[in-house]
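S.K.: Could you look at this predicted model? Sequence included:
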Amino acid sequence: MTGITATQQEKVFAALDGFRIEVPSWGFSNTGTRFGKFIQPSAATSIEEKFADAGEVNRLTGVAPTVALHVLWDLPHGTADVPEIKRLETKYGVKAGSINPNLFQNQEYKFGSIANPDPEVRKSALEHLLDSVEIAKALGSRDISIWDSDGSNYPGTQSIRRRIEWTGEALATMHAALSPEQRMLVEYKPFEPAFYHTDIADWGMALALAHKAGPQAKVLVDTGHHYLGQNIEQIVAWLLHLGALGGFHFNDRKYSDDDLTIGSIDPYQVFRIFHELLGDTAGASDVAFMVDQSHNLKGKMEAVVQTVMTAQEIYARAALVDNELLAGLQAKCDLVAAEEHYRGCFWTDVRPIAREWRESRKLASDPLAELRSNGYVEETARARASKNAGSVASYA
Ligand code: PSV
Ligand code: MN
């Protein structure tokens with residue numbers, strides 16, 4: 001291979017062997033922006049079709065063996081739906097991954113869920129969290145991923161401090177229900193749907209709440225949930241340092257929580273995040289990689305396969321970094337040489353080596369090209385078109 005040494009090739013192969021990424025069930029169905037959605041005839045219309053699509057992504061890429069489930073969207077009857085999910089796991093060869101409770105959809109959550117001033121609403125939100133733990137246990141899922149969308153829109157209308165207490169109490173009660181091998185991941189987001197304050201707005205708040213909840217609570221970093229210009233890899237480094245990083249929701253954005261394809265706007269940022277993870281041999285293996293994207297314009301299947309391949313390729317580029325060499329240059333404060341090595345790895349085209357790795361592992365050498373030519377999307381469009389035609393665009 002031109003430009004890549006045998007040692008580098010070995011490092012990349014080892015990194016790719018260890019790389020796994022979870023796909024979201026909601027990435028396969030017709031979703032959109034709050035202004036409307038553009039219906040795709042091949043989008044999944046049922047949990048079975050979501051599993052079928054996830055199974056095809058994993059068959060093509062070999063690195064996406066689990067699918068994240070959102071409780072109300074995928075298991076509307078709670079644990080009663082578990083046998084059906086198990087059947088689908090066997091049929092399509094992919095397993096249920098993280099379980100995502102839904103604290104944002106019900107009408108009763110207008111003024112919050114686990115931090116609603118009404119104790120009855122807080123109670124039912126907590127029950128939903130506890131049900132989600134039971135679902136995860138029944139499915140053998142390790143992670144329950146909590147995104148708490150609570151907050152307020154106008155100053156003075158809510159007690160921020162009272163809400164910290166309520167949120168802390170709910171998460172601690174949930175933690176007590178976990179089995180020893182389970183984890184709860186606390187996701188943060190600065191705004192939306194609340195526009196004045198959000199109860200868990202940043203990694204510091206998520207960390208403090210996880211710490212209070214117990215040792216099996218960790219922080220989840222959704223790359224789209226930061227202020228513009230924030231140094232995400234530094235947050236990652238801190239969380240690794242504290243043993244508090246549980247996982248990622250990967251996506252990219254230009255403005256806000258845009259849910260664009262990973263690396264489509266700033267691939268160097270993804271590289272810098274992966275570099276922190278690859279430098280941390282102790283904790284990184286416990287960090288769950290999940291995709292949190294839902295495409296309104298790109299074909300759903302193409303977008304997911306493209307995402308998985310992009311994540312793999314940027315991970316491979318980060319694996320090229322010679323950490324020993326870099327540490328020596330950093331110690332000498334040789335800024336330019338250190339930066340040249342670092343960004344040189346970023347600029348290396350690893351696509352040929354990723355292709356070689358796929359071939360050596362008996363996978364499609366170009367999963368995206370394979371998807372585009374194997375007829376899967378056309379076939380599912382034929383089978384699902386009439387069902388999707390019924391789902392007219394909805395406007396918020
Ligand atoms: C919220 O923006 C979020 O990132 C949470 O992870 C949700 O579970 C997900 O998107 C899907 O709405
Ligand atoms: Mn997310």
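M.R.: Happy to help now that I have it. Ligands and ions are numbered 1, 2, ... in the order given.
S.K.: distance from the centroid: which residue in the protein tops it?
M.R.: residue 332 (37.4 Å; Cα atoms, centre = their mean).
S.K.: ok, now which ones touch that residue?
M.R.: For residue 332, the contact set (Cβ atoms under 8 Å, 6 or more residues apart in numbering) is empty. For glycine as for every other residue, the C-beta is placed from the backbone atoms N, C-alpha and C.
S.K.: Where does pLDDT dip in the stretch 1-150 of the chain?
M.R.: 1-2 (pLDDT under 70).
S.K.: Tell me the buried residues in stretch 24-44?
M.R.: For stretch 24-44, a neighbour-count test (16 or more other Cβ atoms under 10 Å) marks 24-30, 32, 37, 40-44 as buried.
S.K.: Same question for stretch 259-266.
M.R.: Of the residues in stretch 259-266, those buried (16+ other Cβ under 10 Å) are 259-264.
S.K.: number of nearby residues for residue 173?
M.R.: 14 (other Cβ atoms under 10 Å).
S.K.: Please report how far the residue lying closest to it once chain neighbours are set aside lies from residue 203.
M.R.: Excluding the flanking residues, the one nearest residue 173 by Cβ to Cβ, 6 or more residues apart in numbering is residue 126, at 6.1 Å. Distance, residue 126 to residue 203, by Cβ to Cβ, to the nearest Å: 24 Å.
S.K.: out of the two, which sits in the busier spot?
M.R.: residue 203 (25 against 20).
S.K.: isn't the more buried one right up against residue 237?
M.R.: No. Residue 203 is beyond contact range of residue 237, at 11.4 Å (criterion: Cβ atoms under 8 Å).
S.K.: how about the residues of the stretch 101-250 of the chain near ligand 1?
M.R.: Neighbours of ligand 1 within the stretch 101-250 of the chain, by Cβ under 6 Å from any ligand atom: 147, 187, 189, 222, 249.
S.K.: export stretch 239-259 as CSV, just CAs?
M.R.: In CSV, the C-alpha atoms belonging to stretch 239-259 read as follows (Å, rounded to 0.1, in the frame of the first residue of the first chain):
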residue,chain,number,x,y,z
LEU,A,239,-14.8,11.9,31.0
LEU,A,240,-12.3,9.2,30.2
HIS,A,241,-10.0,10.5,32.9
LEU,A,242,-12.8,10.3,35.4
GLY,A,243,-14.0,6.8,34.2
ALA,A,244,-17.4,8.4,33.5
LEU,A,245,-17.8,8.1,29.7
GLY,A,246,-20.5,5.7,28.8
GLY,A,247,-21.2,6.2,25.2
PHE,A,248,-21.8,8.4,22.2
HIS,A,249,-24.6,9.4,20.0
PHE,A,250,-22.8,10.3,16.7
ASN,A,251,-24.1,12.7,14.2
ASP,A,252,-22.9,16.0,12.8
ARG,A,253,-24.3,19.5,12.6
LYS,A,254,-23.6,23.0,11.3
TYR,A,255,-25.9,25.0,13.5
SER,A,256,-27.8,23.1,16.2
ASP,A,257,-28.9,19.5,16.8
ASP,A,258,-29.1,19.0,13.0
ASP,A,259,-28.6,15.2,13.0
